[in-house]
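# Generate a structure from the sequence data that follows.
(one chain, ligands or ions: 1)
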Amino acid sequence: MATLQQQACKPLPLRYIGDLSATDAELLAVYARNASRILEFGSGASTQILAKNGSIEGTLISVETEPKWIERTKQNLARLSIEKEVRFIAYRDWQEAVTAEAPFDLIFDDGADKYRERFALDAWKLLKAGGRLLFHDTRRKKDFGNVLSFLQKHYLEVSSVGLNEAGSNITVLTRKIAEPWVDWNKVEGRAKWEYGHAEPPTPLPWNVPPKG
Ligand SMILES: C[S@@+](CC[C@H](N)C(=O)[O-])C[C@H]1O[C@@H](n2cnc3c(N)ncnc32)[C@H](O)[C@@H]1O
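You can find the predicted model right below:
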């Protein structure tokens, strides 16, 4: 049986109302703790986790297609006594409404299925280098397909992909400044023989001892 001290050190379970696994909620909370500007698509349980665990002075914007879903989420935030200000924005004009708040540290994509891919593509421009884009439900083939199709377009700007990270249903992409392909032989100024397209000189210049 755990001692009182052990019980005191044990983190409290996350409390939220909505359709999110405990592992997904934990992972979301970890990323939220390191983010001060957060954007999500799809209000609900995730909004509660992000609001509770993100910085209190930071920005949290929740984009949603369903007004009823926004109302329900507001009620649940109040029920859980989460006081952080959340800006709810209708999906229709979300880009105009949030662009001035960019760049974001963290973006979570979990709204209506048919808009998820589009949202990720549009939101990517608003994510800072080093920031994270999280796709939810990526154990489902369709949502995993959204990740693949996203990577086809933006692979040069992604420094890591955590597929269903830490046993969750969330795939995490980290953004970097684009590193496009270059002809490294030209960029590094290598002679033709150095990259194996001509006969090397004898002796190799590297093996000639410096004069003097
Ligand atoms: C699965 S929900 C996830 C939302 C949120 N990120 C969460 O963690 O709970 C995805 C979206 O489906 C829509 N949705 C799901 N069930 C709904 C319902 N019963 N009535 C209206 N909209 C619903 C909402 O627009 C919502 O944003």
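# The closest residue to the ligand within the chain: neighbouring residues, count only.
Closest approach between the chain and the ligand, counting by Cβ to the nearest ligand atom: G44, at 2.2 Å. From N, CA and C alone the C-beta is placed, and that goes for glycine too. Counted by other Cβ atoms under 10 Å, the residues lying close to G44 total 22.
# how about it, what does it touch?
Contacts for G44 were tallied using Cβ atoms under 8 Å, 6 or more residues apart in numbering; they are G18, D19, L20, W69, R72, T73, N76, D110.
# Mind checking which of the residues you listed are in helices?
W69, R72, T73, N76 (DSSP state H).
# what residue lies at the spatial centre of this structure?
L133 (1.9 Å; Cα atoms, centre = their mean).
# Show me the beta-bridge partners of that residue.
Following DSSP bridges, L133 is listed with bridge partners I107, L173.
# thought it was touching W124?
Yes. The pair L133 and W124 qualifies as a contact (Cβ atoms under 8 Å) at a distance of 6.5 Å.
# any residues in contact with both of the two?
What both L133 and W124 touch, as defined by Cβ under 8 Å, 6+ apart, is the set I107, R175.
# And the nearest residue to L28 once chain neighbours are set aside, what's its pLDDT?
The shortest distance from L28 to any non-neighbouring residue, by Cβ to Cβ, 6 or more residues apart in numbering, is to I49 (4.8 Å). On pLDDT, I49 comes in at 98.
# next one: T3
T3 is assigned a pLDDT of 54 by the prediction.
# Also P210?
The model reports P210 with a pLDDT of 78.
# okay, now S62: neighbour count?
26.
# surely S46 meets L20?
Yes. Assessed by Cβ under 8 Å, S46 is found in contact with L20 at 6.2 Å.
# Tell me which of these two has more neighbours.
In terms of neighbours (other Cβ under 10 Å), S46 is the more surrounded of S46 and L20; the figures are 28 against 22.
# For this structure, list the residues in contact with the ligand, please.
18-20, 42-46, 64-66, 68-69, 110-112 (Cβ under 6 Å from any ligand atom).
# Next one: A29 from T23, what distance?
11 Å (Cβ to Cβ, to the nearest Å).
# so what's L20 scoring on pLDDT?
With respect to pLDDT, L20 scores 97.
# For it, give me its contacts.
L28, G44, A45, S46, I49.
# Just to be sure, I38 is in a strand?
Yes. Applying DSSP: H, G, I helix; E, B strand; the rest coil, one finds I38 inside a strand.
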